[in-house]
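Peer 1: Quick one, structure for this:
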Amino acid sequence: GKLNEFRRNVMKAHWEDSKDIEDRAVLAELAADSGLDPERALVAADDETYLKRLDEMRQEYKQVGVGGIPTFVFGTERVEGCQSYEILSAAALKAGAKYR
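Peer 2: Predicted coordinates for the structure are as follows:
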């Protein structure tokens with residue numbers, strides 16, 4: 001399928017290119033760049049089945065305390081968002097990780 005390619009393109013558009021991935025024109029362009037039919041991708045984006053599943057996933061994440069992307073959990077230490085190596089390393093060490 002095309003899911004992995006589409007997912008990579010969406011992440012790159014958001015994180016590297018600072019594109020608004022909620023913009024329908026951007027979404028259609030990303031779908032086309034991934035080898036998907038842009039119109040069908042937009043129809044799927046509005047499909048209640050998928051929207052319901054997204055809401056369910058948001059609730060699941062909220063229940064376990066995930067509030068940002070990405071979220072790293074080291075024991076009881078949680079780091080959210082794009083963080084530096086130093087912050088991730090400090091959280092891992094605080095949780096009991098050891099240097100090799």
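
Peer 1: Give me the pLDDT value at the residue nearest the centre of the chain.
Peer 2: When CA atoms, centre = their mean is applied to the chain, the residue found nearest the centroid is I69 (5.9 Å). For I69, the model assigns a pLDDT of 83.

Peer 1: In the protein, mark out all the strands, start to finish.
Peer 2: 71-74, 77-80 (DSSP state E).

Peer 1: Adding distance to L88 and mean neighbour count, write the ones you listed out as CSV.
Peer 2: (C-beta placed from N, C-alpha, C; glycine too.) CSV is the format used below for those (distance: least, CB to CB, whole Å; neighbours: other CB atoms under 10 Å):
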stretch, distance to L88, mean neighbour count
strand 71-74, 6, 15
strand 77-80, 6, 16
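
Peer 1: Which one of those strands lies nearest to Y61?
Peer 2: Smallest distance to Y61 across those (CB to CB): 8.1 Å, for strand 71-74.

Peer 1: and that closest one, what other elements does it pack with?
Peer 2: strand 77-80, helix 85-94 (3 or more CB pairs under 8 Å, 6 or more residues apart in numbering; DSSP states H and E).

Peer 1: Kindly format the C-alpha coordinates of stretch 24-38 as CSV.
Peer 2: The C-alpha trace of stretch 24-38 is given here as CSV (Å, rounded to 0.1, in the frame of the first residue of the first chain):
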residue,chain,number,x,y,z
ARG,A,24,-7.3,20.4,2.3
ALA,A,25,-5.2,21.6,-0.6
VAL,A,26,-2.0,20.5,1.2
LEU,A,27,-3.6,17.2,2.1
ALA,A,28,-4.6,16.6,-1.6
GLU,A,29,-1.1,17.5,-2.7
LEU,A,30,0.4,15.1,-0.2
ALA,A,31,-1.9,12.3,-1.3
ALA,A,32,-1.0,12.8,-5.0
ASP,A,33,2.7,12.9,-4.1
SER,A,34,2.2,9.6,-2.4
GLY,A,35,0.5,8.0,-5.4
LEU,A,36,-3.0,8.3,-4.0
ASP,A,37,-6.1,9.7,-5.6
PRO,A,38,-6.4,13.2,-4.0
